[in-house]
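**Student:** model this:
(chains A and B)
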Amino acid sequence: MNIVIMGCNGIAVNVAEKMANKENNISIIDVHADNFLIIDETENIKTIIGDGTVSTDLETVGITESDIFLALEPNDNRNILASQKVKSLYNVKTILCLVSDPKKDGIYRKLGLNVISTTSLISDIVLDSIR
Amino acid sequence: MYALILGCGTIGYNLASELLSSGNEVLVFEPDAVRYSSVVNAFGSVALQADGTNPTSLEKAGVRRADLLIAVTGDDSSNLVGCQVAKLSFNIPKTIALVNNPENETLFKELGVDVIINHTDVILQDLEESIPDAHKPSFFEMPLSENSQRKIFRVHVELESNVIGIKINDIQLPQDTSILMMIDGRGNSKVIDDNTTIDIGDELVFIGDEDSIRVLNNWLTM
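**Tutor:** Residues are numbered from 1 along each chain as shown, chains lettered A, B, ... in the order given. As a prediction, this is how the structure comes out:
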């Protein structure tokens, strides 16, 4: 499978390293080159400096041939723009969009976006464990 | 009218100023301290130092009774999300967004933003008006109706245009575009047949959509 990840952070690298093998091609796109420094094994992960909210940059990372797009930048709005753009313009089967603001995630879930909310997930775990 | 403005750069600041002086109620969202103070110092307490894409801040600002939201930050993702949150969560009647990257124009329309201001187009229009260019045919366009994508547009064939002498029927028109009439330099209409050629000073009037205008523009200025 071809997987494009926007935003190079802990989650992105962890997912990328676990998925990187002969069958999967993983590319990470990030505006800031410094963010790539956290990757240990670069052999199986392609890194591209670029803006994942811009279609020419998305095409450079091979979005047109991709099966999965993960928007994992720290900025909710950029993830939302990129995910909606990929959904509208390209034939990508699975799109996941990280939205940290729990007030926003419901809005975009209703719009049919696959939203992951780390804030809600972690809060739920915390609340469960202290009850 | 109660208008929420996202972003207080040059555009946001001047918009606020205009809307306030014409008697409207305005609230500007600006997270940046310097820009925020510039509004407050100039117009009083008509600003919130907050992110206008945040549903909580919007609610605090009384988005439920607002008539429109104008998102004019330098960041397209904030402009889009601001409009979507206001519309989908709070049913605001009208959203207007600035598009900094022209490729986002169609996407924003598709995603429900009511009015889109294309930054690049506005600057280009200004440029075209301020720099007379003999090599380019001059354009004049008129939408058929407020919501129609189709427009009537007029091209004036200038002195050094590359299409002079070419037969009008040899022009490969984009799909759904047709020529309505030709007017010569003296203001008389020209009969369009296989032998009609384009001459200096002619006016060509077409009907078509936005895209076809662009295609024709490229062709005529090649």
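**Student:** I figured A:Met1 hits A:Ile26, correct?
**Tutor:** No: A:Met1 is not in contact with A:Ile26 according to CB atoms under 8 Å; the separation is 9.0 Å. (C-beta placed from N, C-alpha, C; glycine too.)
**Student:** Of those two, which one has the most company?
**Tutor:** Neighbours per residue (other CB atoms under 10 Å in any protein chain shown) separate A:Met1 from A:Ile26, with A:Ile26 holding more: 24 against 12.
**Student:** tell me the pLDDT at the more buried one?
**Tutor:** Among the per-residue scores, A:Ile26 holds a pLDDT of 93.
**Student:** Check which element follows the helix or strand hosting it along the chain.
**Tutor:** Using DSSP states H and E, A:Ile26 sits within strand A:25-30. Toward the C-terminus, strand A:25-30 is succeeded by strand A:45-49 as the next helix or strand (DSSP H and E).
**Student:** what's in contact with that following strand?
**Tutor:** A:8, A:13, A:16-17, A:20, A:25-33, A:36, A:39, A:57, A:60-61 (CB atoms under 8 Å, 6 or more residues apart in numbering or on different chains).
**Student:** now do 10 Å
**Tutor:** Here strand A:45-49 makes contact (CB atoms under 10 Å, 6 or more residues apart in numbering or on different chains) with A:3-5, A:8, A:12-13, A:16-17, A:19-20, A:25-36, A:39, A:57-58, A:60-62.
**Student:** Among the residues you listed, name the buried ones.
**Tutor:** A:3-5, A:8, A:12-13, A:16, A:19-20, A:25-31, A:35-36, A:57-58, A:61-62 (16 or more other CB atoms under 10 Å in any protein chain shown).
**Student:** joint contacts of A:Met1 and A:Ile26?
**Tutor:** Shared contacts of A:Met1 and A:Ile26, defined by CB under 10 Å, 6+ apart, comprise A:Met19, A:Ile68.
**Student:** In contact with residue 52, which residues?
**Tutor:** Because you didn't say which chain, this covers chain A. The contact partners of A:Gly52, by CB under 10 Å, 6+ apart, come to A:4-7, A:28-31, A:58, A:61, A:63, A:69-73, A:78-79, A:81-83, A:85-86.
**Student:** was after chain B, sorry
**Tutor:** B:Gly52 neighbours (CB under 10 Å, 6+ apart): B:4-7, B:27-31, B:58, B:61, B:63, B:69-71, B:73, B:78-79, B:81-82, B:85-86.
**Student:** Now narrow those to whatever sits close to chain A.
**Tutor:** B:Leu58, B:Thr73, B:Ser78, B:Asn79, B:Val81, B:Gly82, B:Val85 (CB under 10 Å from any CB of the partner chain).
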